[in-house]
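J.: For reference, the sequence and a predicted model appear below.
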Amino acid sequence: MPYPHSAAGALGAMDRVTVTSACVSIWDQPADRPASAYDALPAGEPARLVACLGVGHGEVVDSYRRPFTTMAGYLDGLDSAAGAPPASARLAGAHGPRMTRLAASRTLGVHPYLVDTGHVTWTREILGQGPLLALGQTVILHADPATARVRARRALAPYMPMANYRSAWLRSGFTEEDLIGGGSDRLIDALFLWGKPEGIAAGLAERRKAGADHIAVQIATDSHDRFPRGDWRELAAVLLAWGLSFGSGRARVPRCRTSPRCRRAPTLCVDSLRALRCTTPDPAP
């Protein structure tokens, strides 16, 4: 279901959490269509929705062509469409330098995925200190290296043929040899965090220190049919103990500056790349 309808259920089920659609393919619908749907959302819900836009991959998108130019044009379309999400409600699934710079100037920030800590540092250097770096990170709660890497390679397999990802990995210093046979141990250990919860928490803290403002964690399991509730509870307890809960540590998106009484979640309060302000009236004390 196209954005933003795909997020409507989550928005309706919660009244404070920001929902992000990652990533919406810009090839699937013209800019005016999501703009009109965004404008039609119930009052209050647009302030909690961030659209993450992506150019996808030439290997799976028949119409794929000139991704940078097409993304820039798509953002132009959103800028001119009535009721469209503003720049502060957009992210870009960027990995290369040109797309990252475009995202820094035209959106809230970037949402990279399947990257190592070095890529996070590199991305932050390109973005500077303002734009949001919202990293997607897959983790595996298993301490046995062989088992964890098998699970990681299974999760990585659909992305291995994609030129955009391969270019990002080569740019980070990996070699073509690292990209064969499902990925070398070196590649797997750099892209995934695996082990006991304490080790995973340490890896997430390292990525925060490298420049990530927010990390969307997903747990890889042996089955897509089972929600790993036990793993989530085990990991969450450690992350909270480490102070890695939302809004803590090195977060670049603190509480709203409009009023000290405001308790809206930080990502709901951004209406520019440089300043934090609420998009709704000041809440009651």
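T.: Cool, the structure landed.
J.: The nearest residue to Arg149 once chain neighbours are set aside: how many residues sit nearby?
T.: Excluding the flanking residues, the one nearest Arg149 by CB to CB, 6 or more residues apart in numbering is Ile188, at 5.1 Å. To be clear about C-beta, it is placed using only N, CA and C from the backbone, and glycine gets the same treatment. Using other CB atoms under 10 Å, Ile188 has 22 other residues around it.
J.: Quick check: Ile188 touching Arg151?
T.: No - counting by CB atoms under 8 Å, Ile188 does not reach Arg151; the two are 9.8 Å apart.
J.: The residue nearest to Arg149: helix or strand, and which one exactly?
T.: Mapping Ile188 onto the secondary structure by DSSP states H and E places it in helix 185-191.
J.: Just the residues contacting that helix, thanks.
T.: Helix 185-191 is contacted from outside by 114-117, 138, 145, 149, 152-153, 156, 169, 172, 174, 178-179, 183, using CB atoms under 8 Å, 6 or more residues apart in numbering.
J.: can you pull the buried residues of stretch 31-40?
T.: Using 16 or more other CB atoms under 10 Å as the test for burial, stretch 31-40 gives Ala31, Pro34, Ala35, Ala37, Tyr38.
J.: which stretches of this protein form helices?
T.: Secondary structure of the chain, counting by DSSP state H: helices at 5-13, 32-39, 67-80, 97-106, 117-127, 145-156, 163-171, 185-191, 197-210, 229-241.
J.: mind checking which of these is nearest Ile26?
T.: Distance to Ile26, taken as CB to CB, is lowest for helix 67-80 among the helices of the chain, at 4.5 Å.
J.: Buried residues in that closest one, which are they?
T.: In helix 67-80, the ones that count as buried by 16+ other CB under 10 Å are Pro67, Met71, Ala72, Tyr74, Leu75, Gly77, Leu78.
J.: ok, back up a step: redo the helices of the chain as JSON lines? Include distance to Thr221 and mean pLDDT.
T.: As requested, the helices of the chain are exported to JSON lines (distance: least, CB to CB, whole Å; pLDDT from 0 to 100):
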{"stretch": "helix 5-13", "distance to Thr221": "21", "mean pLDDT": "73"}
{"stretch": "helix 32-39", "distance to Thr221": "32", "mean pLDDT": "80"}
{"stretch": "helix 67-80", "distance to Thr221": "32", "mean pLDDT": "94"}
{"stretch": "helix 97-106", "distance to Thr221": "31", "mean pLDDT": "96"}
{"stretch": "helix 117-127", "distance to Thr221": "24", "mean pLDDT": "97"}
{"stretch": "helix 145-156", "distance to Thr221": "7", "mean pLDDT": "96"}
{"stretch": "helix 163-171", "distance to Thr221": "22", "mean pLDDT": "96"}
{"stretch": "helix 185-191", "distance to Thr221": "16", "mean pLDDT": "98"}
{"stretch": "helix 197-210", "distance to Thr221": "14", "mean pLDDT": "95"}
{"stretch": "helix 229-241", "distance to Thr221": "7", "mean pLDDT": "92"}
